[in-house]
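>>> Based on what follows, work out the 3D shape:
(one chain, ligands or ions: 1)
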Amino acid sequence: MVLLSRLVLRKLPKVSRYIAWDLELKTVVALSWAPSSNLSTRNSSCALPHIIGGSPRVRELSGAGLRKYSSAAMSMAVDDREAVKQSITSTVVEEPVQKESTARKLLTLVIIHSDGKVLLGLKKRGFGKGYYNGFGGKVEKGETIDQAAARELQEESGVTATDMEKRGILTFHFDNDPLAWEVHVYYATKFLGEPCETDEMAPTWFSVADIPYDVMWSDDPLWYPLLLAGQQFKGDFCFTNTTTLTSHTIEVVSSL
Ligand SMILES: Nc1[nH]c(=O)nc2c1ncn2[C@H]1C[C@H](O)[C@@H](COP(=O)(O)OP(=O)(O)OP(=O)(O)O)O1
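Got it, this is the predicted structure:
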């Protein structure tokens, strides 16, 4: 059984059929995927299911509303092979949300916006090499997401933000990684220290009109304008060949 923040999912013995207890909608949902959507393949986290049973509210779901089921099914196919042997008749129990971290990776991203300019770093090595991006990385064991954001910013740029606040949560699905990446996006306007080049990043200031979207992740033009306009947002992005954006959803939210 896989537990995401709002979803408990159990695979039926029959291939490509799942039963979910949706903690958000508080109802049971029965799902199936089209024969071509093989959930054991790398790219399948973006395949949307068909609702084959559930309340009227569930039957109205489409697009982003269905994507959470795809992600959960993909996570289960990889992480919880034993569960697929169990039958639907087992009791589904709500478990603590902390279990979510086993189904996805947690990362941070900090963007500093000061005096009409945005501080971005050219990634010199590792994932996203050659792209300009905010500063961030993986949340380490024993630290909170806020602490990880502050640490990564300091390590990669040499500065400490003093008014950092979370503005977005982005979920990325890469075809070469069975786990979704949950990236917590922070925004700051004040900081201590001077940006300096590190082994990993070369910081540069860009005016908002000159943000170099052509050498950035292709999801960035879709949400940077929301960030810079002071909005909070959630997004979901699917990539193939690591960097080609194939589908996405994004929404402005009132709280994260
Ligand atoms: N599609 C995407 N768009 C974007 O704007 N930022 C992305 C992104 N996919 C990943 N990121 C960010 C999240 C995170 O800040 C960074 C990736 O983190 P890293 O792999 O550099 O992590 P670490 O610094 O922990 O790595 P190591 O130093 O190799 O341990 O790229």
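
>>> Assign residue 129 to helix, strand or coil.
Taking DSSP: H, G, I helix; E, B strand; the rest coil as the rule, one finds residue 129 in the coil state.

>>> try residue 226
Of the three states, residue 226 takes helix under three-state DSSP.

>>> shift numbering so it begins at 241
Okay, using 241 as the starting number, the last item reads as residue 466.

>>> so who does residue 427 touch?
By C-beta atoms under 8 Å, 6 or more residues apart in numbering, residue 427 lies in contact with 350-351, 353, 404-407, 467. In short, each C-beta sits where N, CA and C put it, glycine included.

>>> Just the buried subset of those, please.
Buried members of these, scored by 16 or more other C-beta atoms under 10 Å, are 350-351, 353, 404, 406-407, 467.

>>> just checking, residue 389 touches residue 407?
No. Counting by C-beta atoms under 8 Å, residue 407 is not a contact partner of residue 389; they are 11.2 Å apart.

>>> who touches both of these two?
By C-beta under 8 Å, 6+ apart, the residues touching both residue 389 and residue 407 are residue 426.

>>> where does the chain have its least confident helix or strand?
Least confident helix or strand of the chain, by mean pLDDT, DSSP states H and E, is strand 242-244 with a mean of 44.

>>> Secondary structure element for residue 482, which one?
Assignment of secondary structure by DSSP states H and E places residue 482 within no helix or strand.

>>> Need phi/psi at residue 373.
Torsion angles at residue 373 (phi, psi; degrees, to the nearest 10) stand at phi -160, psi 170.

>>> and it, how far is that from residue 349?
7 Å (C-beta to C-beta, to the nearest Å).

>>> go on, residue 496?
14 Å.

>>> try residue 416
Applying C-beta to C-beta to residue 416 and residue 349 gives a distance of 20 Å.

>>> Good, we can wrap up now.
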